[in-house]
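Asks: The amino acid sequence is not available; the structure is as follows:
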C-alpha cells in the first residue's frame, strides 16, 4: 500500500508559516530556504508548495515548473559560495534516505577534495544561515 502525504510534516508547517525558515526564494509554486543542518555552506532546499510526499507521487506539471528553479538555484549557489561544483540530491521514502516526507531537493555547494559534513550533525548558527541566505539572494538577483 502506498504511503500518503501527511500535512503535519515540518516542510508543510514551514509553508503554512507555522515554523520560520531562512528563505532564499519564493513564488506561487515553490520555495527555497537554507537547510538548518547543512552539509556544506550554502546548502539550500527547494520544494514545491503543492503537497506531494516525494518524486514518486508528484504531479509532472509541478515537476516541470520546479526544474528551471533548481537550475537557477544551483547556478546561484555555485557562484555565491565560489564552489567547484554542485550536488543535487533528492530522496524517496525511508529506504531511499528520505527523512521529511514532502518532496524536496537539496542543492549543495561542493569543493574539490572536501567531503560533505554529515547530515543531522547539528543545527547551524542562525546568523550563519541568515548570511548564507543573503549571499544566495544576491546571486539570484544577478
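Replies: Here it is on my side, so go on. All values reported here derive from a predicted model rather than from experimental measurement.
Asks: what kind of secondary structure is the most centrally placed residue in the chain in?
Replies: By Cα atoms, centre = their mean, the mean C-alpha position of the chain lies nearest to residue 45, the distance being 0.8 Å. Following DSSP: H, G, I helix; E, B strand; the rest coil, the label given to residue 45 is strand.
Asks: isn't residue 80 right up against residue 135?
Replies: Yes. In this structure, residue 80 is within contact of residue 135 by Cβ atoms under 8 Å, at 4.3 Å. In this view, the C-beta of every residue, glycine as well, is placed from N, C-alpha and C.
Asks: residues bridging contact with those two, i.e. touching both?
Replies: Common neighbours of residue 80 and residue 135, using Cβ atoms under 8 Å, 6 or more residues apart in numbering, are residue 42.
Asks: more neighbours, those two?
Replies: residue 80 (23 against 17; other Cβ atoms under 10 Å).
Asks: Quick check: that one vs residue 137, distance?
Replies: 9 Å (Cβ to Cβ, to the nearest Å).
Asks: Next, the contact list for residue 19, please.
Replies: With Cβ under 8 Å, 6+ apart, residue 19 has these contacts: 10, 13.
Asks: measure it to residue 70 for me?
Replies: Residue 19 is 23 Å from residue 70, by Cβ to Cβ.
Asks: Then residue 53?
Replies: Plainly put, residue 53 is 18 Å away from residue 70 if you go by Cβ to Cβ.
Asks: Then residue 3?
Replies: 24 Å.
Asks: Would you indicate which residues of the helix or strand where residue 127 lies are buried?
Replies: Using DSSP states H and E, residue 127 maps to helix 126-141. Buried positions in helix 126-141, judged by neighbour count with 16 or more other Cβ atoms under 10 Å: 129, 132, 133, 135, 136, 139, 140.
Asks: Equivalent analysis for stretch 99-116, please.
Replies: 101, 102, 103, 104, 105, 106, 107, 108, 109, 110.
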